[in-house]
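Asks: The sequence isn't on hand, but the structure is:
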Ligand code: 5GP
Ligand code: ZN
């Protein structure tokens, strides 16, 4: 547990230690990392002291994340980057060095060989059963029942096609008889105009 009075990022937030600030609002501060992994590497912190993301109340975490998103756009534009990596470590096991929650917003350039940040950990092959057990463990960790699938919507009652009256103009009598009548009528019109008669 780090004392807020001694916490490095709390001290930066209070202005006791200088930093190159790039954004500030009531709850959030963003400043350039002193050891940038790329030019424009920015750290985004909540002004209030929390050691890890998991300690932050949901409402504050929501606003905090909106600021991180804003910073991702600002940094991308500000240094003409082609991509942005966002990284956050929680706990020593994850490599967190400064015990005040912070997100790294790191601009990425098409000129670099582009490893995704997650590629620092090698991938592990796990069998189906182990994956199922892991998924179950994580799902149960919320302490709430898993969200049930939505019930199927009630079928909407539609009138049957037969019961819909057809406008007479749309009535299409079908079959050979109809076609024959049509042809007869056309020849009749021709006959009337030119005085020629046809037999059917
Ligand atoms: P972590 O390893 O905890 O995820 O990241 C801590 C980051 O804080 C590192 O990238 C490190 O370069 C940065 N850092 C450490 N001390 C200072 C400081 O005094 N000022 C600034 N601006 N960044 C710092
Ligand atoms: Zn702090």
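Replies: Sure thing, it's come through. This one's a predicted model, so the numbers in the text were calculated from it and none came from an experiment. Ligands and ions are numbered 1, 2, ... in the order given.
Asks: Find the least confident helix or strand in this protein, judged by mean pLDDT.
Replies: Scoring the helices and strands of the chain by mean pLDDT, DSSP states H and E places helix 176-194 at the bottom, with a mean of 49.
Asks: Regarding the nearest residue to residue 76 once chain neighbours are set aside, what is its secondary structure?
Replies: Excluding the flanking residues, the one nearest residue 76 by Cβ to Cβ, 6 or more residues apart in numbering is residue 84, at 5.2 Å. For glycine as for every other residue, the C-beta is placed from the backbone atoms N, C-alpha and C. Taken by DSSP: H, G, I helix; E, B strand; the rest coil, the conformation at residue 84 corresponds to strand.
Asks: ok now do residue 84, which residues does it touch?
Replies: Counting by Cβ atoms under 8 Å, 6 or more residues apart in numbering, residue 84 makes contact with 72, 75-76, 105-108.
Asks: Look up phi and psi at the spatially most central residue of the chain.
Replies: Residue closest to the average C-alpha location in the chain (Cα atoms, centre = their mean): residue 69, at 12.2 Å. Backbone torsions for residue 69, taken as degrees, to the nearest 10, come to phi -60, psi -40.
Asks: gap between it and ligand 2?
Replies: Shown here: residue 69 relative to ligand 2, a distance of 22 Å by Cβ to the ion, to the nearest Å.
Asks: going forward can the numbers begin at 59, since that is how I track them
Replies: Sure, I'll start counting at 59 from here, so that last one is residue 127.
Asks: Tell me how far that residue lies from residue 189.
Replies: Using Cβ to Cβ, to the nearest Å, we find residue 127 at a distance of 31 Å from residue 189.
Asks: thinking again about what came up before, go through the contacts of residue 142 and name the one nearest ligand 2.
Replies: Ranked by distance to ligand 2 (Cβ to the ion), these are led by residue 163 at 18.6 Å.
Asks: Now do the contacts for the closest one.
Replies: 88, 99-102, 126, 129-130, 133, 142-144.
Asks: at 7 Å instead, please
Replies: Going by Cβ atoms under 7 Å, 6 or more residues apart in numbering, residue 163 touches 100, 102, 126, 129-130, 133, 142, 144.
Asks: is it possible to export those to JSON lines including distance to ligand 1, secondary structure and pLDDT?
Replies: Shown next, in JSON lines, are the contacts of residue 163 (distance: Cβ to the nearest ligand atom, whole Å; DSSP: H, G, I helix; E, B strand; the rest coil; pLDDT from 0 to 100):
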{"residue": "100", "distance to ligand 1": "9", "secondary structure": "strand", "pLDDT": "97"}
{"residue": "102", "distance to ligand 1": "11", "secondary structure": "strand", "pLDDT": "98"}
{"residue": "126", "distance to ligand 1": "14", "secondary structure": "helix", "pLDDT": "98"}
{"residue": "129", "distance to ligand 1": "14", "secondary structure": "helix", "pLDDT": "97"}
{"residue": "130", "distance to ligand 1": "17", "secondary structure": "helix", "pLDDT": "97"}
{"residue": "133", "distance to ligand 1": "14", "secondary structure": "helix", "pLDDT": "97"}
{"residue": "142", "distance to ligand 1": "16", "secondary structure": "strand", "pLDDT": "96"}
{"residue": "144", "distance to ligand 1": "12", "secondary structure": "strand", "pLDDT": "97"}
